[in-house]
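Undergrad: Okay, here's the prediction I keep looking at, along with the sequence it came from:
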Amino acid sequence: RGKYNYCYCTKSSHFSYVGKEVLKHDVEIETSSSFDIDLVRRLFEEEFIGKETIIVNNGFKTHEYAEKICSLINEGFENVIPVLDNKEELAYYEEMVKGQCNLGIRVATDEEPNFEFYTSRLGLRPSEIISFCKERIESNPKFNLTMLHFFVDTGIKDTIHYWGGLKKAVKMYCELKKV
């Protein structure tokens, strides 16, 4: 009963003629950096997108990137979805966003409790998601959790890995949906 939305990742090509061609085909946008928000603004000015376009904001949020995301939200872009890479990022949106805001959460699917490479840029640990949502998002009328982004850092190795990961993702989604 849902709708599939394809989001063009602007970092795959910053050439304007590529982005403009993509947007002719009922496509939404995914950004990864502060620079990409400037591209979004230009596309809006040239009427290739509207304020209703879905704009998923992935990637590590530098201060400048987070600031530009908030400015889009505060200017009335309706479907901006900053995807949290870490729990601390939420505080910035609490302070800077006026009104309501959609949110996504990046889930670090491959991390192990003692995984040496794990950093906050890989997303929140699966074991932290439910409590984080209950404590920080559920009771806050400013936020509407609209997306879980399952980040597979090591890539999908084989069919068994894919189905195992998908099973975990669906289970987490179902648990979170109850909240």
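TA: Arrived safely, thanks for sending.

Undergrad: surely residue 173 meets residue 148?
TA: Yes - using CB atoms under 8 Å, residue 173 is in contact with residue 148, at 6.0 Å. Using the backbone N, CA and C atoms, a C-beta is placed for each residue, glycine as well.

Undergrad: what separates the helix or strand bottoming out on mean pLDDT in the chain from the chain centre, distance-wise?
TA: The weakest-scoring helix or strand in the chain, judged by mean pLDDT, DSSP states H and E, is helix 159-178 (a mean of 87). How far helix 159-178 lies from its chain's middle: 18 Å, per CA atoms, centre = their mean, to the nearest Å.

Undergrad: Does anything pack onto it? Which helices or strands?
TA: Applying 3 or more CB pairs under 8 Å, 6 or more residues apart in numbering; DSSP states H and E, one finds that helix 159-178 contacts helix 126-132, strand 143-151.

Undergrad: measure the residue nearest the centre of the chain to residue 48 for me?
TA: In the chain, the residue lying closest to the centroid (CA atoms, centre = their mean) is residue 83, at 2.8 Å. Residue 83 sits 23 Å away from residue 48, going by CB to CB, to the nearest Å.
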